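A.B. asks: Need coordinates for the following:
(one chain, ligands or ions: 1)
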Amino acid sequence: KSMLATKTLGRTIHYVDEIDSTQTLAHQFAEQGAEEGHLVIAERQTAGRGRMGRRWHSPKGKGIWMSLLLRPRVPLHFTPQLTLLAAVALCRAIRQTVKVEAGIKWPNDLLIDGKKISGILLETSAEDERLRYIVAGIGITANLEPEHFPEELRDVATSLRIESGQPVDREVLISSFLQQFEELYELYHEQGFAPIRLLWEALSVSLHRRIRCQKGGEYVEGYAESIDDSGALSVVLHSGERIKVYSGEVELR
Ligand code: BTN
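C.D. replies: Okay, here's the model as predicted:
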């Protein structure tokens with residue numbers, strides 16, 4: 001069953017049953033000179049990685065755990081833009097193929113009704129401030145059932161299967177994602193971040209509302225106003241002060 005309409009992304013797929021993390025294998029391929037677009041997919045990860053050093057729960061057979069190798073021709077400090085691009089591509093693919101109202105929580109968590117269904121982790125390799133490559137890790141809870149979620153995740157995470165009431169065809173979703181990504185990636189190389197930013201804003205669930213975030217190690221509350229050209233979140237604090245948030249977690253209030 002081949003329905004891949006992309007030119008480069010996902011043209012080579014490495015499929016494994018079990019691995020510590022698809023990120024690790026994708027980094028190995030990258031170091032061996034693999035071309036842009038190589039994709040690693042695993043049925044199960046024993047040491048899945050999440051953002052901010054967290055662990056990513058990746059049980060067998062039900063989810064989508066994959067890593068995509070990118071070699072963009074952009075400066076290293078542009079990588080946050082690609083993080084947002086990945087979220088837009090995935091959000092569009094999910095809306096199109098699963099027909100559920102997924103939205104993006106800054107920077108790149110996908111939520112349905114406030115519960116997480118996907119996370120994205122970009123890892124870069126650089127030399128002398130020059131970007132060599134990016135491994136974009138994507139985790140989607142696709143077909144997880146309620147019992148697959150550990151107790152502590154039940155209130156904060158859900159799956160596409162649970163939310164749509166139907167099993168998700170993983171191949172269809174993956175190829176739709178690759179296609180969306182490739183289109184946006186071309187647009188990005190031609191026109192820069194501006195059009196991606198507009199698309200991101202339209203799909204965002206964390207803009208124009210009260211949020212809690214971290215500033216210099218302290219929690220602060222404010223109003224999420226916009227994202228800027230670097231992908232940073234611009235927040236107006238209760239005091240009226242405007243701050244920029246470049247990383248970390250944002251809580252919706
Ligand atoms: C997050 O929300 O914290 C990001 C989670 C990213 C998980 C994916 S699953 C495939 C790839 N391999 C990993 O070890 N992590 C990413």
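
A.B. asks: Next, residue 142: phi, psi?
C.D. replies: For residue 142, the backbone dihedrals (degrees, to the nearest 10) come out as phi 0, psi -80.

A.B. asks: surely residue 146 meets residue 154?
C.D. replies: Yes: with contacts defined as Cβ atoms under 8 Å, residue 146 counts as touching residue 154 at a distance of 7.2 Å. C-betas here are computed from N, CA, C, even on glycine.

A.B. asks: next SSE after whichever strand or helix holds residue 181?
C.D. replies: Assigned by DSSP states H and E, residue 181 belongs to helix 170-191. The C-terminal neighbour of helix 170-191 among helices and strands, as given by DSSP H and E, is helix 194-203.

A.B. asks: residues in contact with that next one?
C.D. replies: Taking Cβ atoms under 8 Å, 6 or more residues apart in numbering as the criterion, the residues outside helix 194-203 that touch it are 81, 84-85, 87-88, 91-92, 102-104, 184, 187-188, 207, 226-227, 229, 231.

A.B. asks: repeat that for 7 Å
C.D. replies: Judged by Cβ atoms under 7 Å, 6 or more residues apart in numbering, the contacts made with helix 194-203 from elsewhere in the structure are 81, 84-85, 87-88, 91, 103-104, 184, 187-188, 207, 227.

A.B. asks: and the closest residue to the ligand within the stretch 1-150 of the chain, how many neighbours?
C.D. replies: With Cβ to the nearest ligand atom as the measure, residue 119 is the residue of the stretch 1-150 of the chain nearest to the ligand, at 2.0 Å. Number of residues near residue 119 (other Cβ atoms under 10 Å) recorded here: 22.

A.B. asks: got the CA coordinates for stretch 94-101 in CSV?
C.D. replies: In CSV, the C-alpha atoms belonging to stretch 94-101 read as follows (Å, rounded to 0.1, in the frame of the first residue of the first chain):
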residue,chain,number,x,y,z
ILE,A,94,-4.9,15.3,11.7
ARG,A,95,-7.8,17.6,10.9
GLN,A,96,-7.8,16.3,7.4
THR,A,97,-7.5,12.6,7.9
VAL,A,98,-9.1,12.0,11.4
LYS,A,99,-11.6,14.9,11.2
VAL,A,100,-11.1,16.1,14.8
GLU,A,101,-10.5,19.6,16.0
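
A.B. asks: Wait, residue 6 touches residue 179, no?
C.D. replies: Yes: taking contacts as Cβ atoms under 7 Å, residue 6 lies within contact range of residue 179: 5.6 Å.

A.B. asks: If you count surrounding residues, which of the two has more?
C.D. replies: residue 179 (21 against 17).

A.B. asks: Spit out the contact partners of that one.
C.D. replies: 5, 6.

A.B. asks: Check the one 3 residues further on too.
C.D. replies: With contacts defined as Cβ under 7 Å, 6+ apart, the neighbours of residue 182 are 6, 7, 9.

A.B. asks: next one: residue 143
C.D. replies: Contacts of residue 143 were listed using Cβ under 7 Å, 6+ apart, and they are 62, 63, 159, 161, 167, 168.

A.B. asks: In PyMOL, how would I select the buried members of those residues?
C.D. replies: This is how PyMOL selects the buried members of these, with burial counted by 16 or more other Cβ atoms under 10 Å:
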select buried, resi 62+63+159+161+168
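
A.B. asks: got the residues of the stretch 51-200 of the chain near the ligand?
C.D. replies: Applying Cβ under 6 Å from any ligand atom, we find that the stretch 51-200 of the chain lies next to the ligand at 51, 54, 56, 58, 65-67, 109, 119-121, 137-139.
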